[in-house]
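Student: the sequence and its predicted three-dimensional model are supplied below.
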Protein chains: 2
Amino acid sequence: MTPDAGHPAPSDLKRKGMIEHVSPHHWNALGPLFAERHTYAANTVISRRGATLDHSLLLLDGVVARSIPRANMQHSTFVALQFKGDFVDLHAFPLKQLDHDVVAVTAATVAVIQHAALKQLLDGDIELSRMLWSLTLVDASIHRHWAMRNSSMRGFARVANFFSEIDARLAAALGQQQDTYTIGITQTDIADATGLTPVHVNRVLRDLREDGCCAIASGQLTIMDRARLHRRGDFDPAYLYLPNSDAEL
Amino acid sequence: MTPDAGHPAPSDLKRKGMIEHVSPHHWNALGPLFAERHTYAANTVISRRGATLDHSLLLLDGVVARSIPRANMQHSTFVALQFKGDFVDLHAFPLKQLDHDVVAVTAATVAVIQHAALKQLLDGDIELSRMLWSLTLVDASIHRHWAMRNSSMRGFARVANFFSEIDARLAAALGQQQDTYTIGITQTDIADATGLTPVHVNRVLRDLREDGCCAIASGQLTIMDRARLHRRGDFDPAYLYLPNSDAEL
DNA sequence: ACACAATCTTATCAAATGTTAAGCGGCCCA
DNA sequence: TGGGCCGCTTAACATTTGATAAGATTGTGT
(Lines give C-alpha, C1' and ligand atoms only; values in the text may rest on other atoms or scores of the structure.)
Protein backbone atom coordinates (compact mmCIF):
# COMPACT_ATOMS: atom_id res chain seq x y z
CA MET A 1 0.00 0.00 0.00
CA THR A 2 1.27 3.43 -0.89
CA PRO A 3 -0.27 5.74 1.67
CA ASP A 4 -0.17 8.95 -0.28
CA ALA A 5 -3.21 9.97 1.68
CA GLY A 6 -3.72 13.35 3.16
CA HIS A 7 -2.99 15.56 0.24
CA PRO A 8 -5.81 17.86 -0.84
CA ALA A 9 -8.68 16.13 -2.60
CA PRO A 10 -7.76 16.00 -6.29
CA SER A 11 -10.33 16.63 -8.95
CA ASP A 12 -9.81 13.32 -10.70
CA LEU A 13 -13.25 12.06 -9.80
CA LYS A 14 -15.26 11.33 -12.90
CA ARG A 15 -18.84 10.16 -12.74
CA LYS A 16 -18.23 7.48 -15.32
CA GLY A 17 -18.97 3.79 -15.36
CA MET A 18 -21.23 2.15 -12.79
CA ILE A 19 -21.12 5.23 -10.59
CA GLU A 20 -23.31 6.86 -13.24
CA HIS A 21 -26.15 5.07 -11.51
CA VAL A 22 -25.85 7.89 -9.02
CA SER A 23 -27.59 10.89 -10.51
CA PRO A 24 -25.60 14.08 -11.20
CA HIS A 25 -27.48 15.85 -8.46
CA HIS A 26 -26.63 13.24 -5.84
CA TRP A 27 -23.10 12.99 -7.12
CA ASN A 28 -22.62 16.59 -6.13
CA ALA A 29 -23.17 15.59 -2.54
CA LEU A 30 -21.36 12.28 -2.62
CA GLY A 31 -18.28 13.08 -4.69
CA PRO A 32 -16.69 15.55 -2.30
CA LEU A 33 -16.68 12.98 0.50
CA PHE A 34 -13.95 11.07 -1.31
CA ALA A 35 -11.14 13.05 0.22
CA GLU A 36 -8.31 10.54 0.09
CA ARG A 37 -6.56 8.66 -2.69
CA HIS A 38 -4.56 5.49 -2.33
CA THR A 39 -2.42 3.60 -4.78
CA TYR A 40 -1.71 -0.10 -4.58
CA ALA A 41 0.89 -2.06 -6.47
CA ALA A 42 -0.11 -5.08 -8.52
CA ASN A 43 -0.68 -8.25 -6.51
CA THR A 44 -1.05 -6.57 -3.15
CA VAL A 45 -3.81 -7.15 -0.64
CA ILE A 46 -6.07 -4.17 -0.03
CA SER A 47 -8.11 -5.70 2.76
CA ARG A 48 -8.37 -9.10 4.36
CA ARG A 49 -11.59 -10.91 5.03
CA GLY A 50 -12.82 -10.54 8.53
CA ALA A 51 -11.16 -7.19 9.08
CA THR A 52 -13.48 -4.49 10.33
CA LEU A 53 -13.72 -1.69 7.79
CA ASP A 54 -14.64 1.92 8.54
CA HIS A 55 -14.38 3.08 4.93
CA SER A 56 -15.16 2.01 1.39
CA LEU A 57 -13.33 2.43 -1.90
CA LEU A 58 -14.24 3.73 -5.31
CA LEU A 59 -11.94 2.39 -8.00
CA LEU A 60 -10.42 5.12 -10.16
CA ASP A 61 -7.99 3.07 -12.16
CA GLY A 62 -6.73 -0.48 -12.46
CA VAL A 63 -8.31 -3.83 -11.74
CA VAL A 64 -9.28 -5.12 -8.31
CA ALA A 65 -10.49 -8.60 -7.42
CA ARG A 66 -12.61 -9.95 -4.62
CA SER A 67 -10.91 -13.14 -3.72
CA ILE A 68 -11.86 -16.08 -1.53
CA PRO A 69 -8.87 -18.02 -0.24
CA ARG A 70 -9.31 -21.78 0.07
CA ALA A 71 -8.65 -23.52 3.37
CA ASN A 72 -5.30 -24.93 2.32
CA MET A 73 -4.33 -21.36 1.39
CA GLN A 74 -2.48 -22.67 -1.67
CA HIS A 75 -5.04 -21.20 -3.95
CA SER A 76 -7.76 -18.62 -4.07
CA THR A 77 -10.69 -17.95 -6.30
CA PHE A 78 -11.80 -14.63 -7.73
CA VAL A 79 -15.51 -14.11 -7.19
CA ALA A 80 -15.62 -10.63 -8.72
CA LEU A 81 -13.54 -8.17 -10.69
CA GLN A 82 -13.92 -4.43 -10.35
CA PHE A 83 -13.06 -1.82 -12.94
CA LYS A 84 -12.84 1.93 -13.16
CA GLY A 85 -15.97 3.55 -11.76
CA ASP A 86 -16.96 0.56 -9.60
CA PHE A 87 -17.42 0.68 -5.88
CA VAL A 88 -15.03 -1.97 -4.61
CA ASP A 89 -16.48 -2.70 -1.21
CA LEU A 90 -19.50 -0.56 -0.66
CA HIS A 91 -21.14 -3.58 0.93
CA ALA A 92 -18.76 -3.07 3.85
CA PHE A 93 -20.83 -0.05 4.81
CA PRO A 94 -23.86 -1.98 6.07
CA LEU A 95 -21.96 -5.21 6.72
CA LYS A 96 -18.79 -3.83 8.36
CA GLN A 97 -16.96 -7.12 7.82
CA LEU A 98 -16.38 -8.83 4.52
CA ASP A 99 -16.26 -12.50 3.74
CA HIS A 100 -13.48 -12.19 1.16
CA ASP A 101 -10.16 -10.52 0.53
CA VAL A 102 -9.84 -7.49 -1.71
CA VAL A 103 -6.77 -7.62 -3.93
CA ALA A 104 -5.19 -5.28 -6.44
CA VAL A 105 -4.70 -7.37 -9.57
CA THR A 106 -2.94 -4.60 -11.43
CA ALA A 107 -1.64 -1.34 -10.05
CA ALA A 108 -4.76 0.38 -8.77
CA THR A 109 -5.84 3.80 -7.63
CA VAL A 110 -8.82 4.22 -5.34
CA ALA A 111 -10.72 7.02 -3.70
CA VAL A 112 -11.65 6.52 -0.06
CA ILE A 113 -14.88 7.42 1.69
CA GLN A 114 -15.26 7.14 5.45
CA HIS A 115 -18.35 5.29 6.62
CA ALA A 116 -18.98 7.94 9.25
CA ALA A 117 -19.23 10.64 6.60
CA LEU A 118 -21.25 8.40 4.32
CA LYS A 119 -23.67 7.56 7.12
CA GLN A 120 -24.21 11.21 7.87
CA LEU A 121 -25.03 11.89 4.23
CA LEU A 122 -27.24 8.84 3.75
CA ASP A 123 -29.19 9.37 6.95
CA GLY A 124 -30.57 12.49 5.36
CA ASP A 125 -30.94 11.27 1.81
CA ILE A 126 -33.27 8.35 1.22
CA GLU A 127 -32.98 8.56 -2.53
CA LEU A 128 -29.21 8.36 -2.58
CA SER A 129 -29.37 5.52 -0.08
CA ARG A 130 -31.56 3.62 -2.46
CA MET A 131 -29.21 4.30 -5.37
CA LEU A 132 -26.28 2.90 -3.45
CA TRP A 133 -28.37 -0.06 -2.36
CA SER A 134 -29.07 -0.68 -6.03
CA LEU A 135 -25.39 -0.50 -6.86
CA THR A 136 -24.67 -3.33 -4.45
CA LEU A 137 -27.56 -5.28 -5.94
CA VAL A 138 -26.02 -5.03 -9.37
CA ASP A 139 -22.91 -6.57 -7.89
CA ALA A 140 -25.11 -9.37 -6.61
CA SER A 141 -26.58 -9.85 -10.07
CA ILE A 142 -23.09 -10.15 -11.50
CA HIS A 143 -22.21 -12.67 -8.78
CA ARG A 144 -25.18 -14.77 -9.83
CA HIS A 145 -24.01 -14.79 -13.39
CA TRP A 146 -20.50 -15.73 -12.39
CA ALA A 147 -22.01 -18.64 -10.50
CA MET A 148 -24.05 -19.58 -13.56
CA ARG A 149 -21.14 -19.17 -15.94
CA ASN A 150 -18.66 -21.17 -13.92
CA SER A 151 -21.22 -23.81 -13.05
CA SER A 152 -22.84 -24.57 -16.33
CA MET A 153 -20.59 -23.47 -19.17
CA ARG A 154 -17.67 -25.50 -20.50
CA GLY A 155 -14.27 -23.93 -20.86
CA PHE A 156 -14.59 -22.41 -24.29
CA ALA A 157 -17.98 -20.77 -23.81
CA ARG A 158 -17.03 -19.86 -20.27
CA VAL A 159 -14.03 -17.79 -21.25
CA ALA A 160 -15.89 -16.30 -24.22
CA ASN A 161 -18.65 -15.19 -21.87
CA PHE A 162 -16.11 -13.85 -19.41
CA PHE A 163 -14.45 -11.67 -22.04
CA SER A 164 -17.83 -10.54 -23.29
CA GLU A 165 -18.57 -9.25 -19.81
CA ILE A 166 -15.24 -7.50 -19.55
CA ASP A 167 -15.75 -5.88 -22.92
CA ALA A 168 -19.21 -4.63 -21.97
CA ARG A 169 -18.17 -3.34 -18.56
CA LEU A 170 -15.02 -1.64 -19.76
CA ALA A 171 -16.92 -0.03 -22.62
CA ALA A 172 -19.30 1.41 -20.04
CA ALA A 173 -16.44 2.49 -17.80
CA LEU A 174 -14.61 4.23 -20.62
CA GLY A 175 -17.68 5.73 -22.18
CA GLN A 176 -17.36 3.95 -25.49
CA GLN A 177 -16.87 0.56 -27.00
CA GLN A 178 -13.35 -0.27 -28.13
CA ASP A 179 -11.69 -3.05 -30.07
CA THR A 180 -8.72 -3.12 -27.75
CA TYR A 181 -8.53 -2.77 -24.00
CA THR A 182 -5.44 -2.54 -21.87
CA ILE A 183 -6.30 -4.44 -18.72
CA GLY A 184 -3.07 -6.04 -17.65
CA ILE A 185 -4.42 -9.30 -16.26
CA THR A 186 -2.50 -12.54 -16.62
CA GLN A 187 -3.68 -15.95 -17.71
CA THR A 188 -3.45 -17.01 -14.10
CA ASP A 189 -5.89 -14.25 -13.18
CA ILE A 190 -8.27 -15.49 -15.85
CA ALA A 191 -7.90 -18.97 -14.41
CA ASP A 192 -8.75 -17.72 -10.92
CA ALA A 193 -11.82 -15.95 -12.26
CA THR A 194 -13.15 -18.76 -14.42
CA GLY A 195 -12.33 -21.72 -12.22
CA LEU A 196 -10.06 -23.33 -14.79
CA THR A 197 -6.39 -24.16 -14.47
CA PRO A 198 -3.87 -21.79 -16.02
CA VAL A 199 -2.83 -24.49 -18.47
CA HIS A 200 -6.37 -25.01 -19.61
CA VAL A 201 -6.97 -21.29 -19.92
CA ASN A 202 -4.01 -21.19 -22.25
CA ARG A 203 -5.57 -23.91 -24.40
CA VAL A 204 -8.91 -22.12 -24.52
CA LEU A 205 -7.25 -18.82 -25.37
CA ARG A 206 -5.60 -20.42 -28.36
CA ASP A 207 -8.93 -21.83 -29.47
CA LEU A 208 -10.63 -18.44 -29.13
CA ARG A 209 -7.88 -16.81 -31.13
CA GLU A 210 -7.98 -19.45 -33.87
CA ASP A 211 -11.74 -19.20 -33.94
CA GLY A 212 -11.47 -15.49 -34.60
CA CYS A 213 -13.29 -14.33 -31.48
CA CYS A 214 -10.70 -12.47 -29.47
CA ALA A 215 -7.10 -12.52 -28.42
CA ILE A 216 -5.23 -11.45 -25.36
CA ALA A 217 -1.54 -10.70 -25.26
CA SER A 218 0.56 -8.95 -22.66
CA GLY A 219 -2.45 -7.62 -20.88
CA GLN A 220 -4.15 -6.35 -24.03
CA LEU A 221 -7.56 -7.74 -24.87
CA THR A 222 -8.49 -7.50 -28.54
CA ILE A 223 -12.04 -8.15 -29.66
CA MET A 224 -11.76 -9.61 -33.13
CA ASP A 225 -15.41 -10.38 -33.79
CA ARG A 226 -17.80 -9.22 -31.09
CA ALA A 227 -20.93 -10.84 -32.49
CA ARG A 228 -19.13 -14.16 -32.81
CA LEU A 229 -17.70 -13.84 -29.31
CA HIS A 230 -21.15 -13.21 -27.86
CA ARG A 231 -22.57 -16.15 -29.74
CA ARG A 232 -19.88 -18.50 -28.54
CA GLY A 233 -20.27 -17.29 -24.98
CA ASP A 234 -24.06 -17.22 -25.09
CA PHE A 235 -23.83 -13.65 -23.84
CA ASP A 236 -26.66 -11.31 -22.96
CA PRO A 237 -25.61 -8.14 -21.09
CA ALA A 238 -28.95 -7.49 -19.40
CA TYR A 239 -27.70 -8.74 -16.03
CA LEU A 240 -25.09 -5.97 -15.91
CA TYR A 241 -27.76 -3.29 -15.51
CA LEU A 242 -25.46 -0.95 -17.36
CA PRO A 243 -26.15 2.75 -16.90
CA ASN A 244 -27.67 4.47 -19.91
CA SER A 245 -28.76 1.16 -21.32
CA ASP A 246 -32.35 0.11 -21.56
CA ALA A 247 -31.60 -3.52 -22.17
CA GLU A 248 -34.58 -5.79 -21.82
CA LEU A 249 -34.16 -8.34 -19.08
CA MET B 1 -50.24 -20.18 -8.55
CA THR B 2 -52.99 -20.60 -6.04
CA PRO B 3 -54.35 -17.13 -5.51
CA ASP B 4 -55.75 -17.54 -2.06
CA ALA B 5 -55.01 -13.89 -1.54
CA GLY B 6 -57.36 -11.49 0.08
CA HIS B 7 -58.31 -13.37 3.18
CA PRO B 8 -57.46 -11.62 6.45
CA ALA B 9 -53.77 -11.60 7.33
CA PRO B 10 -53.07 -14.83 9.19
CA SER B 11 -50.83 -14.89 12.20
CA ASP B 12 -48.43 -17.45 10.79
CA LEU B 13 -45.58 -14.96 10.56
CA LYS B 14 -42.66 -16.06 12.67
CA ARG B 15 -39.52 -14.00 13.02
CA LYS B 16 -37.30 -17.01 12.54
CA GLY B 17 -34.37 -17.66 10.25
CA MET B 18 -32.69 -14.89 8.30
CA ILE B 19 -35.52 -12.50 9.04
CA GLU B 20 -34.18 -12.43 12.59
CA HIS B 21 -31.69 -9.92 11.27
CA VAL B 22 -34.60 -7.53 11.57
CA SER B 23 -34.85 -6.55 15.20
CA PRO B 24 -38.04 -7.36 17.17
CA HIS B 25 -38.86 -3.68 17.36
CA HIS B 26 -38.64 -3.19 13.60
CA TRP B 27 -40.42 -6.45 12.98
CA ASN B 28 -43.44 -4.97 14.73
CA ALA B 29 -43.64 -2.41 11.96
CA LEU B 30 -42.67 -4.64 9.07
CA GLY B 31 -44.57 -7.84 9.86
CA PRO B 32 -48.10 -6.44 9.53
CA LEU B 33 -47.39 -5.27 5.99
CA PHE B 34 -47.39 -8.87 4.81
CA ALA B 35 -51.09 -9.00 4.25
CA GLU B 36 -51.33 -11.68 1.59
CA ARG B 37 -50.36 -15.34 1.41
CA HIS B 38 -49.77 -17.33 -1.75
CA THR B 39 -49.14 -20.99 -2.29
CA TYR B 40 -47.29 -22.45 -5.25
CA ALA B 41 -47.11 -26.05 -6.35
CA ALA B 42 -43.76 -27.74 -6.84
CA ASN B 43 -42.01 -26.91 -10.10
CA THR B 44 -44.02 -23.84 -10.89
CA VAL B 45 -42.65 -20.47 -11.89
CA ILE B 46 -43.27 -17.68 -9.40
CA SER B 47 -41.86 -14.88 -11.50
CA ARG B 48 -40.03 -14.62 -14.78
CA ARG B 49 -36.91 -12.61 -15.32
CA GLY B 50 -37.52 -9.23 -16.83
CA ALA B 51 -41.01 -8.94 -15.40
CA THR B 52 -41.65 -5.74 -13.48
CA LEU B 53 -42.40 -6.51 -9.85
CA ASP B 54 -44.39 -4.30 -7.47
CA HIS B 55 -44.06 -6.64 -4.52
CA SER B 56 -41.61 -8.94 -2.77
CA LEU B 57 -41.98 -12.29 -1.08
CA LEU B 58 -41.04 -13.71 2.28
CA LEU B 59 -40.78 -17.48 2.20
CA LEU B 60 -42.84 -19.15 4.93
CA ASP B 61 -42.46 -22.73 3.89
CA GLY B 62 -40.91 -24.84 1.15
CA VAL B 63 -37.91 -24.33 -1.07
CA VAL B 64 -37.60 -21.69 -3.77
CA ALA B 65 -34.82 -21.34 -6.33
CA ARG B 66 -33.50 -18.40 -8.28
CA SER B 67 -32.87 -19.85 -11.67
CA ILE B 68 -31.09 -18.58 -14.74
CA PRO B 69 -32.30 -20.20 -17.96
CA ARG B 70 -29.68 -20.82 -20.63
CA ALA B 71 -30.15 -19.48 -24.11
CA ASN B 72 -31.14 -22.80 -25.62
CA MET B 73 -33.79 -23.00 -22.88
CA GLN B 74 -33.11 -26.72 -22.54
CA HIS B 75 -31.55 -26.23 -19.20
CA SER B 76 -31.35 -23.77 -16.37
CA THR B 77 -29.00 -23.24 -13.48
CA PHE B 78 -29.91 -22.53 -9.88
CA VAL B 79 -27.93 -19.58 -8.55
CA ALA B 80 -29.59 -19.53 -5.14
CA LEU B 81 -31.92 -21.51 -2.92
CA GLN B 82 -34.20 -19.90 -0.38
CA PHE B 83 -35.58 -21.49 2.76
CA LYS B 84 -38.10 -20.64 5.44
CA GLY B 85 -37.49 -17.15 6.79
CA ASP B 86 -35.65 -15.90 3.70
CA PHE B 87 -36.72 -12.98 1.62
CA VAL B 88 -37.03 -14.42 -1.86
CA ASP B 89 -36.77 -11.32 -3.99
CA LEU B 90 -36.30 -8.33 -1.76
CA HIS B 91 -33.79 -7.06 -4.31
CA ALA B 92 -36.73 -6.43 -6.60
CA PHE B 93 -37.64 -3.50 -4.36
CA PRO B 94 -34.77 -1.24 -5.45
CA LEU B 95 -34.19 -3.00 -8.79
CA LYS B 96 -37.81 -3.49 -9.93
CA GLN B 97 -36.70 -6.02 -12.55
CA LEU B 98 -34.85 -9.22 -11.88
CA ASP B 99 -32.28 -10.96 -14.00
CA HIS B 100 -33.46 -14.48 -13.14
CA ASP B 101 -36.56 -16.58 -12.75
CA VAL B 102 -37.98 -17.44 -9.34
CA VAL B 103 -39.21 -21.00 -9.12
CA ALA B 104 -40.92 -23.09 -6.48
CA VAL B 105 -38.80 -26.23 -6.17
CA THR B 106 -41.16 -27.81 -3.68
CA ALA B 107 -44.64 -26.71 -2.72
CA ALA B 108 -44.07 -23.27 -1.22
CA THR B 109 -45.96 -20.74 0.83
CA VAL B 110 -45.02 -17.09 0.73
CA ALA B 111 -46.12 -13.85 2.35
CA VAL B 112 -46.42 -10.85 0.05
CA ILE B 113 -45.42 -7.28 0.72
CA GLN B 114 -46.28 -4.47 -1.69
CA HIS B 115 -43.40 -2.21 -2.63
CA ALA B 116 -45.60 0.83 -2.20
CA ALA B 117 -46.26 -0.06 1.44
CA LEU B 118 -42.64 -1.01 1.99
CA LYS B 119 -41.43 2.26 0.52
CA GLN B 120 -43.70 4.24 2.78
CA LEU B 121 -42.32 2.43 5.81
CA LEU B 122 -38.67 2.61 4.77
CA ASP B 123 -38.81 6.27 3.81
CA GLY B 124 -39.34 6.99 7.47
CA ASP B 125 -37.06 4.38 8.96
CA ILE B 126 -33.39 4.59 8.10
CA GLU B 127 -32.43 1.83 10.49
CA LEU B 128 -34.84 -0.70 9.06
CA SER B 129 -33.75 0.30 5.57
CA ARG B 130 -30.22 -0.52 6.49
CA MET B 131 -31.24 -3.88 7.97
CA LEU B 132 -32.98 -4.85 4.76
CA TRP B 133 -30.02 -3.63 2.74
CA SER B 134 -27.87 -5.93 4.85
CA LEU B 135 -30.19 -8.83 4.21
CA THR B 136 -29.68 -8.47 0.47
CA LEU B 137 -25.94 -8.23 1.04
CA VAL B 138 -25.96 -11.55 2.83
CA ASP B 139 -27.57 -12.99 -0.26
CA ALA B 140 -24.71 -11.50 -2.25
CA SER B 141 -22.21 -13.12 0.08
CA ILE B 142 -23.87 -16.47 -0.45
CA HIS B 143 -23.78 -15.90 -4.21
CA ARG B 144 -20.04 -15.35 -3.99
CA HIS B 145 -19.59 -18.60 -2.18
CA TRP B 146 -21.70 -20.45 -4.69
CA ALA B 147 -19.43 -19.05 -7.37
CA MET B 148 -16.38 -20.13 -5.41
CA ARG B 149 -17.79 -23.55 -4.64
CA ASN B 150 -18.87 -24.36 -8.17
CA SER B 151 -15.72 -22.88 -9.66
CA SER B 152 -12.99 -24.34 -7.55
CA MET B 153 -14.24 -27.45 -5.78
CA ARG B 154 -14.42 -30.87 -7.40
CA GLY B 155 -17.62 -32.89 -7.27
CA PHE B 156 -17.21 -34.61 -3.95
CA ALA B 157 -16.16 -31.58 -1.91
CA ARG B 158 -18.63 -29.45 -3.84
CA VAL B 159 -21.65 -31.46 -2.85
CA ALA B 160 -20.35 -31.88 0.71
CA ASN B 161 -20.02 -28.11 0.98
CA PHE B 162 -23.46 -27.66 -0.52
CA PHE B 163 -25.10 -29.91 2.06
CA SER B 164 -23.12 -28.24 4.82
CA GLU B 165 -24.66 -24.94 3.80
CA ILE B 166 -28.14 -26.40 3.68
CA ASP B 167 -27.67 -27.93 7.11
CA ALA B 168 -26.49 -24.64 8.59
CA ARG B 169 -29.20 -22.56 6.99
CA LEU B 170 -32.02 -24.93 7.82
CA ALA B 171 -30.80 -25.20 11.39
CA ALA B 172 -31.02 -21.41 11.63
CA ALA B 173 -34.42 -21.39 9.97
CA LEU B 174 -35.82 -24.03 12.30
CA GLY B 175 -34.19 -22.67 15.41
CA GLN B 176 -32.11 -25.74 16.13
CA GLN B 177 -29.72 -28.13 14.51
CA GLN B 178 -31.17 -31.45 13.40
CA ASP B 179 -29.81 -34.71 12.12
CA THR B 180 -32.55 -35.03 9.56
CA TYR B 181 -34.22 -32.42 7.39
CA THR B 182 -37.19 -32.87 5.14
CA ILE B 183 -36.47 -30.68 2.15
CA GLY B 184 -37.98 -32.52 -0.78
CA ILE B 185 -35.44 -31.68 -3.45
CA THR B 186 -34.50 -34.14 -6.15
CA GLN B 187 -31.09 -35.16 -7.43
CA THR B 188 -31.79 -33.10 -10.51
CA ASP B 189 -32.26 -30.05 -8.30
CA ILE B 190 -28.92 -30.74 -6.65
CA ALA B 191 -27.40 -31.02 -10.10
CA ASP B 192 -28.85 -27.65 -11.11
CA ALA B 193 -27.46 -26.07 -7.95
CA THR B 194 -23.99 -27.57 -8.10
CA GLY B 195 -23.36 -27.45 -11.83
CA LEU B 196 -22.95 -31.20 -12.13
CA THR B 197 -24.99 -33.60 -14.21
CA PRO B 198 -27.70 -35.62 -12.48
CA VAL B 199 -25.78 -38.80 -13.20
CA HIS B 200 -22.66 -37.48 -11.59
CA VAL B 201 -24.60 -36.19 -8.59
CA ASN B 202 -25.87 -39.69 -8.12
CA ARG B 203 -22.29 -41.01 -8.10
CA VAL B 204 -21.17 -38.38 -5.61
CA LEU B 205 -24.16 -39.04 -3.37
CA ARG B 206 -23.19 -42.71 -3.20
CA ASP B 207 -19.63 -41.74 -2.30
CA LEU B 208 -20.82 -39.38 0.44
CA ARG B 209 -23.05 -42.07 1.85
CA GLU B 210 -20.32 -44.71 1.77
CA ASP B 211 -17.92 -42.25 3.33
CA GLY B 212 -20.29 -41.78 6.24
CA CYS B 213 -20.91 -38.06 5.72
CA CYS B 214 -24.55 -37.76 4.84
CA ALA B 215 -27.31 -39.39 2.87
CA ILE B 216 -30.33 -38.14 1.03
CA ALA B 217 -33.35 -40.26 0.19
CA SER B 218 -36.82 -39.28 -0.96
CA GLY B 219 -36.26 -35.66 -0.08
CA GLN B 220 -34.84 -36.37 3.38
CA LEU B 221 -31.34 -35.17 4.14
CA THR B 222 -29.60 -37.06 6.94
CA ILE B 223 -26.40 -35.74 8.44
CA MET B 224 -24.44 -38.80 9.50
CA ASP B 225 -21.23 -37.11 10.66
CA ARG B 226 -21.31 -33.33 10.62
CA ALA B 227 -17.65 -32.75 11.45
CA ARG B 228 -16.59 -35.13 8.73
CA LEU B 229 -18.96 -33.53 6.24
CA HIS B 230 -17.56 -30.08 6.99
CA ARG B 231 -14.02 -31.36 6.62
CA ARG B 232 -14.73 -32.99 3.29
CA GLY B 233 -16.48 -29.87 2.04
CA ASP B 234 -13.93 -27.47 3.47
CA PHE B 235 -16.83 -25.68 5.09
CA ASP B 236 -16.74 -22.52 7.17
CA PRO B 237 -20.16 -20.93 7.83
CA ALA B 238 -18.92 -17.38 8.39
CA TYR B 239 -20.12 -16.23 4.96
CA LEU B 240 -23.71 -17.01 5.92
CA TYR B 241 -23.78 -14.19 8.48
CA LEU B 242 -26.24 -16.29 10.46
CA PRO B 243 -28.32 -14.41 12.99
CA ASN B 244 -27.38 -15.03 16.62
CA SER B 245 -23.99 -16.31 15.58
CA ASP B 246 -20.79 -14.49 16.25
CA ALA B 247 -18.73 -16.49 13.83
CA GLU B 248 -15.35 -15.02 13.05
CA LEU B 249 -14.94 -14.13 9.42
C1' DA C 1 24.29 -6.81 -21.25
C1' DC C 2 23.24 -10.19 -17.85
C1' DA C 3 20.83 -12.77 -14.55
C1' DC C 4 16.63 -13.74 -12.65
C1' DA C 5 11.80 -14.22 -12.20
C1' DA C 6 7.41 -14.37 -14.05
C1' DT C 7 4.55 -15.63 -17.77
C1' DC C 8 3.32 -18.17 -21.57
C1' DT C 9 3.30 -22.37 -24.43
C1' DT C 10 3.28 -27.12 -25.57
C1' DA C 11 3.34 -32.08 -24.65
C1' DT C 12 1.98 -36.19 -22.21
C1' DC C 13 -0.58 -38.64 -19.17
C1' DA C 14 -4.20 -39.20 -15.49
C1' DA C 15 -8.48 -38.21 -13.42
C1' DA C 16 -12.93 -36.15 -13.27
C1' DT C 17 -16.98 -35.40 -15.46
C1' DG C 18 -20.36 -35.65 -19.28
C1' DT C 19 -23.22 -38.54 -22.46
C1' DT C 20 -26.12 -42.02 -23.68
C1' DA C 21 -28.69 -45.85 -22.70
C1' DA C 22 -31.06 -49.24 -20.09
C1' DG C 23 -33.63 -51.03 -16.23
C1' DC C 24 -36.08 -50.52 -11.88
C1' DG C 25 -39.45 -48.85 -8.69
C1' DG C 26 -42.84 -45.78 -6.93
C1' DC C 27 -46.68 -42.90 -7.62
C1' DC C 28 -50.46 -40.66 -9.84
C1' DC C 29 -54.34 -40.75 -12.62
C1' DA C 30 -57.54 -42.35 -16.15
C1' DT D 1 -55.92 -51.79 -12.02
C1' DG D 2 -52.91 -50.72 -15.58
C1' DG D 3 -50.23 -47.50 -18.01
C1' DG D 4 -47.19 -44.01 -18.04
C1' DC D 5 -44.31 -40.57 -16.01
C1' DC D 6 -40.76 -39.34 -12.92
C1' DG D 7 -36.91 -40.14 -10.23
C1' DC D 8 -33.15 -43.16 -9.02
C1' DT D 9 -29.32 -46.30 -10.19
C1' DT D 10 -25.83 -48.44 -12.81
C1' DA D 11 -22.93 -49.35 -16.85
C1' DA D 12 -19.96 -48.32 -20.80
C1' DC D 13 -17.84 -45.06 -23.29
C1' DA D 14 -16.46 -40.19 -24.86
C1' DT D 15 -14.84 -35.78 -23.73
C1' DT D 16 -13.15 -32.28 -20.95
C1' DT D 17 -10.20 -30.81 -17.71
C1' DG D 18 -6.39 -31.31 -14.37
C1' DA D 19 -1.45 -32.43 -13.16
C1' DT D 20 3.17 -32.39 -14.11
C1' DA D 21 7.05 -31.21 -16.52
C1' DA D 22 9.94 -28.93 -19.70
C1' DG D 23 11.24 -25.27 -22.67
C1' DA D 24 10.47 -20.60 -24.82
C1' DT D 25 9.51 -15.91 -24.13
C1' DT D 26 9.13 -11.64 -21.93
C1' DG D 27 10.13 -8.28 -18.67
C1' DT D 28 12.87 -6.22 -14.96
C1' DG D 29 16.44 -4.73 -12.07
C1' DT D 30 21.37 -4.32 -11.54
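Tutor: That came through fine. Residues are numbered from 1 along each chain as shown, chains lettered A, B, ... in the order given.
Student: now do the strands in chain A.
Tutor: Remark: strands assigned in chain A by DSSP state E are A:36-40, A:44-47, A:55-61, A:64-69, A:76-82, A:101-104, A:108-114, A:180-182, A:214-217, A:220-223.
Student: dump those strands to a markdown table, plus mean neighbour count.
Tutor: For glycine as for every other residue, the C-beta is placed from the backbone atoms N, C-alpha and C. Output for the strands of chain A, formatted as a markdown table (neighbours: other C-beta atoms under 10 Å in any protein chain shown):
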| stretch | mean neighbour count |
| --- | --- |
| strand A:36-40 | 19 |
| strand A:44-47 | 16 |
| strand A:55-61 | 22 |
| strand A:64-69 | 22 |
| strand A:76-82 | 24 |
| strand A:101-104 | 23 |
| strand A:108-114 | 21 |
| strand A:180-182 | 14 |
| strand A:214-217 | 18 |
| strand A:220-223 | 17 |
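Student: list the contacts for the residue nearest the centre of chain A?
Tutor: Closest to where the C-alpha atoms of chain A average out (C-alpha atoms, centre = their mean) is A:Gln82, at 1.4 Å. Residues near A:Gln82 by C-beta atoms under 8 Å, 6 or more residues apart in numbering or on different chains: A:Leu59, A:Val63, A:Val64, A:Ala65, A:Arg66, A:Val88.
Student: again, only using 10 Å
Tutor: A:17-18, A:57-59, A:62-66, A:88-89, A:102, A:105, A:108, A:110, A:139, A:142, A:169, A:173 (C-beta atoms under 10 Å, 6 or more residues apart in numbering or on different chains).
Student: how about the residues of chain A by DNA strand D?
Tutor: Neighbours of DNA strand D within chain A, by C-beta under 7 Å from any atom of the strand: A:Arg154, A:Gly155, A:Phe156, A:Arg158, A:Gly195, A:Leu196, A:Thr197, A:Val199, A:His200, A:Val204, A:Ser218.
Student: near DNA strand C, from these?
Tutor: The subset of those within reach of DNA strand C, by C-beta under 7 Å from any atom of the strand, is A:Val199, A:Ser218.
Student: now, which of the residues of chain A next to DNA strand D lie within helices?
Tutor: A:Gly155, A:Phe156, A:Arg158, A:Val199, A:His200, A:Val204 (DSSP state H).
Student: now the residue lying closest to A:Trp27 once chain neighbours are set aside: phi and psi?
Tutor: Sequence neighbours aside, A:Arg15 is the residue nearest to A:Trp27 in space, at 4.9 Å (criterion: C-beta to C-beta, 6 or more residues apart in numbering or on different chains). Backbone torsions of A:Arg15, given as degrees, to the nearest 10, read phi -90, psi 80.
Student: any idea how far A:Val22 is from A:Arg15?
Tutor: 7 Å (C-beta to C-beta, to the nearest Å).
Student: and for these two, which residues touch both?
Tutor: Counting by C-beta under 10 Å, 6+ apart, the residues touching both A:Arg15 and A:Val22 are A:Asn28, A:Leu30, A:Gly31, A:Pro243.
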